[in-house]
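K.L.:
The following block contains a protein sequence and its predicted model.
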Amino acid sequence: MDKIRIRGGRPLEGRIAISGAKNAALPLLTASLLTDEALVLRNLPHLADIATMTHLLAQHGTDLSMAGAHPGGGHMGQVLELRAGDITSTEAPYDIVRKMRASVLVLGPLLARCGQARVSLPGGCAIGTRPVDMHIRGLEALGAEIELDDGYIVARAPGGLRGGTVVFPRVSVGATENLLMAATLAKGEVVLENAAREPEVGDLANCLNAMGARIEGIGGDTLHIQGVDRLHGADYAVLPDRIEAATYAIAAAITGGKVELLGAQSSTMEAVAAALGQANVSLRPTECGVMVECGNSGGGSSGGGDRWVHSIDVSTAPYPGFPTDLQAQMMALMAMADGASMITETIFENRFQHVPELMRMGADITVKGATAMVRGRGGPGGPGLHGAPVMATDLRASVSLVLAGLAAEGETIVNRVYHLDRGYERLEEKLSGCGADIERLTA
Ligand code: UD1
């Protein structure tokens with residue numbers, strides 16, 4: 001199994017190209033099941049999760065072809081043409097769904113287009129139990145008959161789905177996306193209340209509208225969808241990955257560096273920019289993306305001002321709040337800040353698995369329930385972190401260890417790199433391009 005070796009202590013300086021958003025690309029890929037015409041998706045990231053999703057779609061009968069490279073070379077995002085002319089299978093098997101929970105996003109499109117679907121229950125995962133009850137209840141409100149059979153969600157809507165109002169009891173990105181896709185082909189109007197407002201949901205809605213759907217209220221918490229008889233093909237580019245961008249912003253901050261995030265959209269990063277601003281890290285829009293600089297409050301590198309990362313308190317929340325997908329990375333940064341910080345996780349019940357690993361690197365963290373108290377080891381005279389062999393259990397936890405490794409003294413080996421490959425495209429190349437001493441050790 002591959003590992004990543006980091007020798008820490010080098011400030012990152014340079015530019016990093018931000019890839020297309022994984023969490024937008026996955027539902028956009030499943031939207032191809034809603035039409036028999038071709039959906040062309042541009043700016044798709046090269047990631048293991050994207051490969052898993054295309055594998056699942058091919059298994060439903062979708063024809064996939066590379067539709068040419070992005071001008072400027074092979075690293076600029078792939079272009080795929082997907083054509084689900086005939087759906088040959090409406091079953092999403094356990095073997096694929098267990099690898100990636102987002103597979104459950106085929107449920108809404110299959111049910112809407114074919115009137116039936118059999119999708120494996122995803123089960124738990126490292127960060128919590130992650131049920132899909134809201135997906136099921138929502139589809140039932142649109143007339144679907146659903147039962148659970150042998151670990152599978154078996155859904156039927158022989159006469160098609162109908163209009164209705166779904167009030168989500170709590171905000172769910174995946175349930176909103178599943179319902180949104182299902183609603184496009186319903187008979188009548190569907191209203192989704194307390195819908196997730198994540199930019200990735202908006203990206204999906206915009207693509208669906210480009211395919212002929214009639215969705216209003218995009219970006220808000222109430223979505224109105226007038227069902228249409230059929231959707232058609234479209235050509236759509238995936239939005240830039242705000243989580244990847246913010247992860248590299250934290251990489252710049254934790255090493256006291258300065259990095260321009262090419263293609264990053266500051267409008268989708270406001271909560272992160274506000275939090276980092278309080279921590280003495282500035283994010284400002286440029287012509288090509290976002291510039292991140294540590295310690296700008298004292299006038300930048302030439303101003304001789306305060307260049308330390310300051311401790312702040314952070315609580316995760318649905319968009320536009322601080323994303324749970326950046327909680328682990330923020331904790332790594334706070335481990336190198338100049339004081340005490342409280343980090344509260346409100347979305348997932350078991351998302352502190354990076355804590356013991358960060359502690360192996362010298363971090364001082366105490367967890368009480370959903371809150372972690374981090375006593376920073378940075379600042380003037382702070383002891384800092386030290387390198388260590390570490391291992392992680394999920395995607396964002398793994399990258400938090402890479403971030404800590406970039407700031408730590410000595411060598412860090414991150415094991416189980418396959419977690420990183422699910423969500424970070426060419427991570428070691430992007431970081432080494434800015435001066436980090438990082439390499440992949442292939443087993
Ligand atoms: C998506 C993201 C993931 C991110 C998460 C929260 C993708 C592919 N993944 O995951 O990276 O961390 O949003 O921003 O986009 N819940 C229920 N019942 C349900 C559905 C969800 O109780 O039917 C709970 C979950 O357990 C969790 C909370 O709702 O506690 C939010 O989960 P949700 O927004 O659905 O996350 P995902 O869509 O799975």
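P.N.:
Structure's in. What do you need?
K.L.:
Checking my notes, D86 in a strand, right?
P.N.:
No. Using DSSP: H, G, I helix; E, B strand; the rest coil, the secondary structure at D86 is coil, not a strand.
K.L.:
and the closest residue in space to it that isn't next to it in sequence, how far is that from G85?
P.N.:
Once flanking residues are discounted, D86 sits nearest to G61: 5.5 Å by CB to CB, 6 or more residues apart in numbering. (Each C-beta comes from the backbone N, C-alpha and C, glycine too.) For G61, the distance to G85 equals 8 Å [CB to CB, to the nearest Å].
K.L.:
Just want to know which of those two has more residues nearby.
P.N.:
G61 (15 against 12; other CB atoms under 10 Å).
K.L.:
was I right about that one contacting T90?
P.N.:
No. If you go by CB atoms under 8 Å, G61 and T90 don't touch, sitting 9.3 Å apart.
K.L.:
what does the stretch 251-400 of the chain put close to the ligand?
P.N.:
Applying CB under 6 Å from any ligand atom, one finds that the stretch 251-400 of the chain approaches the ligand through 324-325, 347-348.
K.L.:
and if we set it to 8 Å?
P.N.:
318-319, 323-325, 347-349, 395-396 (CB under 8 Å from any ligand atom).
K.L.:
Which of the residues you listed are buried, as a ChimeraX select command?
P.N.:
Selecting just the buried residues from those in ChimeraX takes one command, with 16 or more other CB atoms under 10 Å as the test:
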select :318,319,323,324,325,347,348,395,396
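K.L.:
So what's the gap between the lowest-mean-pLDDT helix or strand in the chain and the chain middle?
P.N.:
Lowest by mean pLDDT, DSSP states H and E among the helices and strands of the chain is strand 63-69, with a mean of 81. Averaging C-alpha positions (CA atoms, centre = their mean, to the nearest Å) puts strand 63-69 24 Å from its chain's average.
K.L.:
you'd agree Y236 is in a strand?
P.N.:
Yes. With three-state DSSP as the criterion, Y236 is part of a strand.
K.L.:
residues in contact with S120?
P.N.:
By CB atoms under 8 Å, 6 or more residues apart in numbering, the contact list for S120 reads 92-94, 96-98, 103, 151-153.
K.L.:
low-scoring pLDDT stretches of the chain, where are they?
P.N.:
68-76, 123-129, 296-305 (pLDDT under 70).
K.L.:
domains for the protein, by residue range?
P.N.:
3-18+240-441, 22-237 (automatic domain parsing).
K.L.:
For the longest one, measure first residue to last.
P.N.:
What it means is domain 3-18+240-441. Domain 3-18+240-441 has an end-to-end distance of 5 Å (CA to CA, to the nearest Å).
K.L.:
Please apply the same query to stretch 382-395.
P.N.:
Where stretch 382-395 begins and where it ends lie 29 Å apart, using CA to CA.
K.L.:
List the buried residues in it.
P.N.:
So stretch 382-395, judged by 16+ other CB under 10 Å, has buried residues 384-388, 390-392, 394-395.
K.L.:
got it, and stretch 277-296?
P.N.:
Those would be 279-283, 289-296, for stretch 277-296 by 16+ other CB under 10 Å.
K.L.:
Not counting its own residues, what contacts it?
P.N.:
Contacts for stretch 277-296 (CB under 8 Å, 6+ apart): 18, 245, 248-249, 252-253, 255-266, 269, 272-273, 276, 297, 300-301, 305-312, 333, 337.
K.L.:
bridging residues for the nearest residue to I4 once chain neighbours are set aside?
P.N.:
With sequence-adjacent residues excluded and distances taken as CB to CB, 6+ apart, I4 is closest to V414, at 4.5 Å. Beta-bridge partners recorded for V414 (DSSP bridges): I4, V390.
K.L.:
follow-up on the earlier one: is it possible to export the buried residues of stretch 277-296 to TSV including distance to R7 and secondary structure?
P.N.:
Below are those laid out as TSV (distance: CB to CB, whole Å; DSSP: H, G, I helix; E, B strand; the rest coil):
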residue	distance to R7	secondary structure
A279	25	coil
N280	25	coil
V281	23	strand
S282	27	strand
L283	27	strand
G289	28	strand
V290	27	strand
M291	26	strand
V292	22	strand
E293	23	strand
C294	20	strand
G295	23	coil
N296	27	helix
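K.L.:
from the residues you listed, which is closest to L44?
P.N.:
G289 (19.0 Å; CB to CB).
K.L.:
Please report how far that closest one lies from the ligand.
P.N.:
22 Å (CB to the nearest ligand atom, to the nearest Å).
K.L.:
so how far is L403 from that residue?
P.N.:
Distance from G289 to L403, counting by CB to CB: 20 Å.
K.L.:
Repeat that for S89.
P.N.:
From S89 to L403 the distance is 41 Å (CB to CB).
K.L.:
quick one, which of these two is more surrounded?
P.N.:
Taking neighbours as other CB under 10 Å, S89 and L403 compare with L403 leading, 28 against 13.
K.L.:
what about R42, how many residues close to it?
P.N.:
17.
K.L.:
my read is it is in a helix, agree?
P.N.:
No. Residue state for R42 (three-state DSSP) corresponds to strand; a helix is not indicated.
K.L.:
So what sits opposite it in the bridge?
P.N.:
Beta-bridge partners for R42, by DSSP bridges, are A237.
K.L.:
give the contact list for it.
P.N.:
Neighbours of R42 in contact, by CB under 8 Å, 6+ apart: 20, 70, 77, 79, 235-238.
K.L.:
Show me which of these are buried.
P.N.:
20, 70, 77, 79, 236-238.
K.L.:
Going by distance to R375, which of the residues you listed wins?
P.N.:
G20 (37.4 Å).
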